[in-house]
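1. everything below, folded, please.
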Amino acid sequence: MIREMMHEEDGATAIEYGLIAALISLASIVAFKSLGLNLADVFNTITRAMGGQ
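-> Numbers count the residues shown, from 1 in each chain. Okay, the predicted model is just below:
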């Protein structure tokens, strides 16, 4: 029974894919958040240059 579990890799593979997906998601969130803040600054600068607030 234990030997069968040691050779069974389906669960481990699923966990690895889950961890990879979580890391990619986290990296994407951080990148988009940073990009969003910079983009907001650009639009605010353009608005002020055009005579806006």
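2. I'd like the average pLDDT over the helix or strand harbouring Glu16.
-> Using DSSP states H and E, Glu16 sits in helix 10-49. What helix 10-49 shows for mean pLDDT is 89.
3. just checking the distance from it to the centre of its chain.
-> 4 Å (C-alpha atoms, centre = their mean, to the nearest Å).
4. helix/strand/coil for Gly51?
-> Following DSSP: H, G, I helix; E, B strand; the rest coil, Gly51 is assigned to coil.
5. how about Met50, phi and psi?
-> phi -90, psi 0 (degrees, to the nearest 10).
6. roughly how far does it sit from Phe43?
-> As defined by C-beta to C-beta, to the nearest Å, Met50 lies at a distance of 11 Å from Phe43. All C-beta atoms are positioned from the backbone trio N, CA, C, and that covers glycine.
7. among the two, which residue is more densely surrounded?
-> Set side by side, Met50 and Phe43 show more neighbours around Phe43, with 10 against 7, by other C-beta atoms under 10 Å.
8. and the more buried one, how close does it get to Gly52?
-> The value you get for Phe43 to Gly52, if C-beta to C-beta is used, is 10 Å.
9. same deal with Val42?
-> Distance from Val42 to Gly52, by C-beta to C-beta: 13 Å.
10. again, but for Ala14
-> From Ala14 to Gly52 the distance is 51 Å (C-beta to C-beta).
11. how about Thr13?
-> Counting by C-beta to C-beta, the gap from Thr13 to Gly52 is 54 Å.
12. burial count for Ser25?
-> For Ser25, using other C-beta under 10 Å, the count is 10.
13. can you count the residues close to Gly36?
-> 10.
14. identify the residues contacting it.
-> Counting by C-beta atoms under 8 Å, 6 or more residues apart in numbering, Gly36 makes contact with nothing.
15. begin at 48 from now on, thanks
-> Okay, residue one is now 48; in that scheme the one you just asked about reads as Gly83.
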